[in-house]
Every structure is written in C-alpha cells, then in structure tokens.
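> Starting from these lines, generate the structure:
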Amino acid sequence: MSGVCESFLLISGGWFLAEKDYRPHEVCLEVGLLGFMRQVGQPGLINLAAGVPAAELLPVEGLKRAFRKATQELGRGMWVYQTPEGHGPLRETLAHRLRGRGVKLAGSDVLITTGCTQALHLAIRAVAGPGDVVACESPCYYNTLEQIAGVGARALPLPMSRERGLWLEEAEVLLKRHRPKAMVLCSTLSNPSGASIAPRDRRKWVEMARRLGVTIIEDDIYAELSDGRAPKPLRAYDDGSTVLYVTSYCKSVSPGLRVGCAVPGRWFESMVAMKCQADLHGSLLSEATLDAFLKSPDMEKHGERLKEVCRRKRAKARGVMEACFPEGTEISRSEGGFMLWVELPERRDLKAVSEKALRRGVSFARGEVFSCVAPQRSGMRINCAKVTEEELVRGLEILGECLA
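Purely as a prediction, here's the structure:
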C-alpha cells in the first residue's frame, strides 16, 4: 500500500488519516451488495437498508401500456437477438434526453447495459487494473468500492462535506500526489451522502481531471430524482475524452427492468466488447418497454409523483430521527432521492446495534461499508422510500431505542 494513502481529510470530523489506517475494501456478504439484495424481498422486515423504491411507487400501469405498445410495434422482432450495443430506438431516446441536459452526443454514442451496476463494472474495468489507484468519494457507494477492489485496484478517498459536497481544492492536492488512473464521482445526490457537485464547479472538475490526465467515471443515477430540474452532468463539459458517463432508470422508473446505459466516449469499443463477452446483449423486452414509456406522458407524471413522495418521506424521517436519535446526531439535507446519511455524535458498535435492530425486524446500512478507511464517527444510511410512512416511523423509533 506504500504511497497510496498518506493523509486524507474526511467528512467525519475533518481529521487527517495516516496510511496505516487504509484498508482495501473487502466484499462482506452480510453488509455488501449481495447481503442487501438478499434482504430486499424478506417478508416482515422494515427495510431501511437497500436503496430501492417501494413497489407501490413504480409506474406499473404505465409500464403495462408501454409494453403493449412495444409488442405491437416490434411484433416478432421483440423476441430475437439484438446487437450488443442495445435497442437502437432506446439509444436515440436516451441521447435525446441527455442532449436536453447539455450533453452533445448521438444515439450511436450510447451503450445500453444491464442496470447501472453493469455500466459501472464495465467502466472501471475499461480504465483500471491490478495495482492501479482509483479515487472515489468518502463515504462512497459500497458497490463502487467492491468494483474497484474486484479489478485489483486500490481506492483513494476524496474529502467531502455536507455543505460543499466534494472539495475541489483538497481533491486536486490528492490527485496530484497519487496520480490515480480514474475517479468515480456520483455527481448528483451522491450515495450515501446525498451531496451534489455544485453546478458552478462542474466544469472545473472536468478541466482539472483533463489537466491531470485522470479519467472521470460519472455515476449520474440519481439525477432524475432531484427535487428541481436535473442539473447538467459533468459529461456536458466534455467531448468523451475525459468523462465516462454511466446511469440507469432502475431508481427513477423500475429496478425490475434492469436497464442502464453508458456514454463511454473513447472507451466505447472496449466496453462493447466486454459487454458482449458478459451477456451478448441486454433484454430487448425491457429496453423496448422503457423506450415506449420514456416517450409517453406517463414518464413525466410518474417522475413528479415519485419526487413528491420521496420529499415527504425524507421530511418525515428527519423529524422522527431528530426526536428519537441521540442528541448531536447530524442528518444530511438531500435535495432529492430516497436516502438520508446520518452521523452519530460518538463512535458506536453499529454491528451490535444492527443485530439488535434485526431481531426487532428493522435493517439499516452501516456506515463502515461505505468507506475504505476507519471513520471517526459512526454513520448509517437510511432509505426512506422502500417502506410505508407508518413502517418508516416505526422502524426509526426502534432504531432510536436500539441506540439509546
């Protein structure tokens, strides 16, 4: 690990971390992606852990209409092989939507993937390998850390704060010192912190990365859940030589469709080749259905309803935690999305708290899975959208009792 982590300024308390505190992110079946996904359908569990929407929030009727329209238009063509790049009309639709957010591209620049997870997996494999350094936010989405470790690379945590999100100036110091191959940035409503890169800083991030020769892998999966208009992505300030863009509609439309996409730029051919080797191509049924849905009035109606419900549930959760959690607990002020990031006023054994809560039928995501360093304060991610409001209140009250 020599030379990788000398000192990092982290969100938790603004303290400096020595290299000896760095730990490679190891896949933990209990609290990593696999563990959370196995909890998703568990009956009787108040699931505040997995970052997925409730089934009641999905636009089922609109998707049924979209499926019927797609089958009528494609006929037998909906049930055959397709090219690895994905369904042509959907690629054009996604390009059109991104052009509306300032990205210059054509449908032929878009690669359809099996969710954002596959897009992220292909992107990291395209730019990094064993022994490389990949920078990421701290705290960072646990599967991003798993993906970095999976290619044999090492994660370099970048400093964040609740007020500013990623710190451009401090990040530049670390990038100059450690020269990572790439950095993975969730530019809007980062998971788990909920922070976004300020619109005024987005061009600066791209210019800095280009100057230092660092590839940005931009994860934009939560942008469509912003309370206001989705901001311009980092890719809007690039020509495809520096920013490799990934996203999906698993959070904003339906996780069951498993449709994501990448705008790989100069990495297009290598990612298509890896995609083809992995699964030949994605599900044409899902891709054609999503294409029809995005072109229908149902998409806009669903988006507004989803954002309003999430806004209400986040406010409800904040009120309960302010009343029930230990005094001094700090809660993120996300401007959209499903989740809230919570930091307790002192270190706690959250593994013991989690086990106690699970015995009472409540799960949450422990903060340590979002970091490749030992955090000074104990954090947790709370998903407000998976359960009903009644279950949300009850689950947080139980957590408050477990923390008392």
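> from memory residue 283 sits against residue 258, does it?
Yes. Judged on Cβ atoms under 8 Å, residue 283 makes contact with residue 258 at a distance of 6.8 Å. All C-beta spots, glycine's among them, are computed from the backbone N, C-alpha and C.
> Now residue 251. Its backbone dihedrals?
phi -90, psi -40 (degrees, to the nearest 10).
> what's near enough to touch it?
51-53, 221-222, 224-225, 338 (Cβ atoms under 8 Å, 6 or more residues apart in numbering).
> shared neighbours, residue 283 and residue 258?
With Cβ under 8 Å, 6+ apart, residue 283 and residue 258 have common neighbours residue 114.
> in this protein, which spans are strands?
46-48, 111-113, 133-137, 154-158, 160-161, 165-166, 182-186, 215-219, 243-248, 260-263, 330-331, 339-343, 362-366, 379-383 (DSSP state E).
> Distance of residue 78 relative to residue 283?
10 Å (Cβ to Cβ, to the nearest Å).
> How about residue 153?
In terms of Cβ to Cβ, residue 153 sits 30 Å off from residue 283.
> do residue 379 as well
36 Å.
> Residue 142 too?
26 Å.
> contacting residues around the residue nearest the centre of the chain?
Centroid check for the chain by Cα atoms, centre = their mean gives residue 191 as the closest residue, at 5.0 Å. Residues in contact with residue 191 (Cβ under 8 Å, 6+ apart) are 51, 141, 221-222, 337, 339, 381.
> Let's have the residues you listed in a markdown table, adding pLDDT, distance to residue 96 and neighbour count.
As requested, those are exported to a markdown table (pLDDT from 0 to 100; distance: Cβ to Cβ, whole Å; neighbours: other Cβ atoms under 10 Å):
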| residue | pLDDT | distance to residue 96 | neighbour count |
| --- | --- | --- | --- |
| 51 | 83 | 27 | 23 |
| 141 | 92 | 28 | 25 |
| 221 | 97 | 19 | 27 |
| 222 | 96 | 20 | 26 |
| 337 | 94 | 24 | 30 |
| 339 | 94 | 29 | 28 |
| 381 | 95 | 33 | 27 |
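> Just the ones of those residues in helices?
Among the contacts of residue 191, none falls in helices (DSSP state H).
> Let me know the closest of the residues you listed to residue 187.
Closest approach between the contacts of residue 191 and residue 187, by Cβ to Cβ: residue 222, at 9.1 Å.
> quick one: the residue nearest to the closest one when sequence neighbours are not counted from residue 174, how far?
Distance criterion Cβ to Cβ, 6 or more residues apart in numbering; nearest residue to residue 222, sequence neighbours excluded, is residue 189 at 3.7 Å. Plainly put, residue 189 is 23 Å away from residue 174 if you go by Cβ to Cβ.
> quick one, which of those two is more surrounded?
residue 189 (26 against 23; other Cβ atoms under 10 Å).
> Tally up the residues packed near residue 285, please.
16.
> contacting residues around the residue nearest to it when sequence neighbours are not counted?
Closest residue to residue 285 apart from its sequence neighbours, by Cβ to Cβ, 6+ apart: residue 78 at 6.2 Å. By Cβ under 8 Å, 6+ apart, the contact list for residue 78 reads 70-71, 284-285, 288.
> hey, what's the nearest residue to residue 111 once chain neighbours are set aside bridged with?
In space, and not counting its chain neighbours, residue 111 is closest to residue 262: 4.7 Å by Cβ to Cβ, 6+ apart. Taking DSSP bridges as the rule, residue 262 bridges to residue 111, residue 246.
> Give me the neighbour count for residue 262.
30.
> For it, give its distance to residue 122.
For residue 262 relative to residue 122 (Cβ to Cβ), the value is 7 Å.
> which neighbours do those two share?
113, 271.
> so where is the stretch 1-150 of the chain shaky, pLDDT-wise?
Filtered on pLDDT under 70, the stretch 1-150 of the chain yields the residue ranges 1-43.
> Perfect, I'm done here.
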